[in-house]
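Colleague: My questions are about this predicted structure, shown below with the sequence.
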2 protein chains.
Amino acid sequence: MVTAGAHGAEHKYLAVRAYLTELVAGELAVGDAVPSERSLTEKFGVSRMTVRQAVDALVTEGVLERVQGRGTFVAPPRADFEMRLTTFGEEARRRGLTPGADVLEAGTRPAPPHVAEALDCEPATPMHHVVRLRTTDGNPMSVEESWIPVHLVPGLLDDGVPESLYGALRAHGLDPTWGEETITAADGTDEERERLQMRGTHAVMRAARRTFGGEAPLMYSRACYRGDRYSVFVPLREARPTIVPRTTGTPRAGRVFEGSPR
Amino acid sequence: MVTAGAHGAEHKYLAVRAYLTELVAGELAVGDAVPSERSLTEKFGVSRMTVRQAVDALVTEGVLERVQGRGTFVAPPRADFEMRLTTFGEEARRRGLTPGADVLEAGTRPAPPHVAEALDCEPATPMHHVVRLRTTDGNPMSVEESWIPVHLVPGLLDDGVPESLYGALRAHGLDPTWGEETITAADGTDEERERLQMRGTHAVMRAARRTFGGEAPLMYSRACYRGDRYSVFVPLREARPTIVPRTTGTPRAGRVFEGSPR
DNA sequence: CAGTGGTCTAGACCACCCT
DNA sequence: GGGTGGTCTAGACCACTGA
């Protein structure tokens, strides 16, 4: 029998869970069996229901798979089934490229109407405003414009524009937890095309993003990517029906058609 | 006390679950409390752990929310946190538009190299090949080209092109369960722009999709949408780290940069 | 205070898989 | 048959909420 290690302190099932996640992250490979529920029962001196609580959680998270009569196994890593709230730098590094940023504009400005609406605040609310040219390995990839309410982090730009705006927000205790993004294709303006050094082609991909921390809107940003060097990869799940309570009408992920021209 | 209704027969927790989902889909509205766990215990003559098993599942599915000390409540319908494997028709109807399809080409052709590669089959494998102009309320929205291996459903096009290819696949026992899509922005060709009746603008959004049923590739399709009438809405989750077992290297959702020109 | 969900116990029988 | 997960019981104490 083993007492709770460094990880799980508060609750017994957390100790079991921590033990299992360590196994999965460490010595076990995909397809390997984890210790049986009954053996964990003895190892931790807890009841089987407690062990199951830990295993259940890891199964619903997709870390483990149960097979009746055989055991519980390390699940193959799911291809991430959701788009994540990542930054330009993270995405670039993940692909082995070196991200860069040239600051084109930085300062404080009153929120224009579309920004105020997106961030659900009064028009003309003071905003940090940054326009940057983002590069990978020195090649222009996108022009990014970001708006952050000044009152959230008054001194955000005092030491210049931070490498990562998300990182700066986190450093001030504002964690970006979720967001929503609308992606469109459009003809780039001459200014955009010049900044992005686009020659033959005109098409750009625009991404407008609202970032939230909990309930509070943190940031509104618009990015304009070179159409010829940029794509979005989206895994798609089955369109399974869901249980819907009354009084509904919520936006869903998916395509938006503008309908007939107005 | 109540015995298992029409729904849950096999297991007691399924009876409880069925009862709760009926409540949520029927009389209860968002934010309403569901019966307490202890009252369900009496109503169904089961132990509390059994009730919790039912409630747990609905909580992880996002149907219910627990609040310690207060009760369990109908959760607000989550904005779907994933892009779904939906069809053009479904998306259009969901937005109150009437979908339409003009068949431009339909027949059987050997798979070109890029299609064979995408569907992981031999080059020149016989394929059903369909090109359709998709419309909403009569307005051209996209040009869609689809490839389906003939050997999966030999008679697929015998009675003309079906309203929905996904529907036709399902009717033949081939359930599309997941897929992956790559979205890019590009300048539309003259042919595309004419078919889509695009006047001032040139940019189109291209979406290349592979559709799978279980492990088997079912269909490869490419769609070309009017850039000025079409957008993709993507909810973004926190970029939280996940528990990763050894032997990894899986593709992830996200942005793809082409890097420097080659 | 009474009622709620959160955690936990020490058993039990079943269905299933492998040998 | 022996081990696995799947379901289930009849209690228990705790932490939290709201009146």
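Modeller: Now that the structure is in, tell me what you want to look at. All of these numbers come straight from a predicted model, not from anything done at the bench.
Colleague: Bridge partners for the closest residue in space to residue A:141 that isn't next to it in sequence, pull those for me.
Modeller: Excluding the flanking residues, the one nearest residue A:141 by C-beta to C-beta, 6 or more residues apart in numbering or on different chains is residue A:134, at 5.2 Å. Heads up, the C-betas are built off the backbone N, CA and C, glycines and all. With DSSP bridges as the criterion, residue A:134 is bridged to residue A:101, residue A:142.
Colleague: distance of residue A:134 from DNA strand C?
Modeller: Using C-beta to the nearest atom of the strand, to the nearest Å, we find residue A:134 at a distance of 42 Å from DNA strand C.
Colleague: likewise residue A:96?
Modeller: 40 Å.
Colleague: Just give me the neighbour total for that residue.
Modeller: Around residue A:96 there are 9 other residues, counting by other C-beta atoms under 10 Å in any protein chain shown.
Colleague: Over to residue A:38: give its phi and psi.
Modeller: Dihedral angles phi and psi of residue A:38 (degrees, to the nearest 10) take the values phi -70, psi -30.
Colleague: I figured it hits residue A:48, correct?
Modeller: Yes: counting by C-beta atoms under 8 Å, residue A:38 touches residue A:48, with 6.7 Å between them.
Colleague: what's around the residue of the stretch 151-262 of chain A found nearest DNA strand D, how many residues?
Modeller: Going by C-beta to the nearest atom of the strand, DNA strand D is nearest to residue A:214 of the stretch 151-262 of chain A, at 16.4 Å. By other C-beta under 10 Å, 10 other residues sit near residue A:214.
Colleague: That one: what's it in contact with?
Modeller: Taking C-beta atoms under 8 Å, 6 or more residues apart in numbering or on different chains, we find residue A:214 in contact with A:175, A:177.
Colleague: if you set the cut-off to 7 Å instead, what comes out?
Modeller: Neighbouring residues of residue A:214 by C-beta atoms under 7 Å, 6 or more residues apart in numbering or on different chains: residue A:177.
Colleague: again, but for the one 4 residues further on
Modeller: Shown in contact with residue A:218 (C-beta under 7 Å, 6+ apart): A:148, A:152, A:169, A:174, A:176, A:211-212.
Colleague: ok, now with 10 Å
Modeller: Counting by C-beta atoms under 10 Å, 6 or more residues apart in numbering or on different chains, residue A:218 touches A:119, A:148-149, A:152-153, A:165-166, A:169, A:174-177, A:179, A:210-212.
Colleague: In ChimeraX, select just the buried ones from these.
Modeller: Those of the contacts of residue A:218 that count as buried under 16 or more other C-beta atoms under 10 Å in any protein chain shown are selected in ChimeraX with:
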select /A:119,148,149,152,153,165,166,169,174,176,177,179,210,211,212
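Colleague: The contacts of residue A:218 in strands, which ones?
Modeller: When DSSP state E is applied, the contacts of residue A:218 are split such that A:148-149, A:179, A:210-212 fall in strands.
Colleague: need the residues you listed in TSV with distance to DNA strand D and pLDDT, can you?
Modeller: Converted to TSV, the ones in strands among the contacts of residue A:218 look like this (distance: C-beta to the nearest atom of the strand, whole Å; pLDDT from 0 to 100):
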residue	distance to DNA strand D	pLDDT
A:148	31	97
A:149	29	96
A:179	28	92
A:210	29	96
A:211	28	96
A:212	23	93
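Colleague: Among those, which one lies nearest to chain B?
Modeller: residue A:179 (4.1 Å; C-beta to the nearest C-beta).
Colleague: is it true that the closest one touches residue A:118?
Modeller: No: counting by C-beta atoms under 10 Å, residue A:179 stays clear of residue A:118, with 11.2 Å between them.
Colleague: what do those two both touch?
Modeller: Residues touching both residue A:179 and residue A:118 (C-beta under 10 Å, 6+ apart) are A:209-210, A:217, A:219-221.
Colleague: of the residues you listed, the lowest pLDDT goes to which?
Modeller: Least confident entry in the shared contacts of residue A:179 and residue A:118, by pLDDT: residue A:217, with 93.
Colleague: Tell me how far that residue lies from residue A:105.
Modeller: 22 Å (C-beta to C-beta, to the nearest Å).
Colleague: between the two, who's got more neighbours?
Modeller: The residue with more neighbours, out of residue A:217 and residue A:105, is residue A:217; 17 against 11, by other C-beta under 10 Å.
Colleague: and the angle for the helix or strand where residue A:231 lies with strand B:230-237?
Modeller: Per DSSP states H and E, residue A:231 falls inside strand A:230-237. On the basis of axes from the mean of the first three to the mean of the last three C-alpha atoms, to 10 degrees, strand A:230-237 is oriented at 70 degrees to strand B:230-237.
Colleague: Could you list every helix and strand in contact with strand A:230-237?
Modeller: Using 3 or more C-beta pairs under 10 Å, 6 or more residues apart in numbering or on different chains; DSSP states H and E, the elements in contact with strand A:230-237 are strand A:178-187, strand A:203-213, strand A:216-226, strand B:178-187, strand B:203-213, strand B:230-237, strand B:254-257.
Colleague: what mean pLDDT does it have?
Modeller: Mean predicted confidence for strand A:230-237 is 89.
Colleague: still on that earlier bit, ok, the residue nearest to residue A:141 touching residue A:225?
Modeller: Yes: counting by C-beta under 10 Å, residue A:134 does reach residue A:225; the two are 8.7 Å apart.
Colleague: so what sits against both of those two?
Modeller: With C-beta under 10 Å, 6+ apart, residue A:134 and residue A:225 have common neighbours A:88, A:140-144, A:196, B:257.
Colleague: Show me just the buried residues among those.
Modeller: By neighbour count, with 16+ other C-beta under 10 Å, the shared contacts of residue A:134 and residue A:225 hold A:88, A:140-144, A:196, B:257 as buried.
Colleague: who are the neighbours in contact with the spatially closest residue to residue A:52 that is not a sequence neighbour?
Modeller: Excluding the flanking residues, the one nearest residue A:52 by C-beta to C-beta, 6+ apart is residue A:37, at 6.3 Å. Shown in contact with residue A:37 (C-beta under 10 Å, 6+ apart): A:16, A:48-52, A:54-55, A:66, A:71-72.
Colleague: Which of those residues sits closest to residue A:238?
Modeller: residue A:66 (21.2 Å; C-beta to C-beta).
Colleague: what about the residue of chain A found nearest DNA strand C, distance to residue A:34?
Modeller: Proximity of chain A to DNA strand C (C-beta to the nearest atom of the strand) peaks at residue A:69, 2.6 Å away. Distance check for residue A:69 against residue A:34: by C-beta to C-beta, it reads 16 Å.
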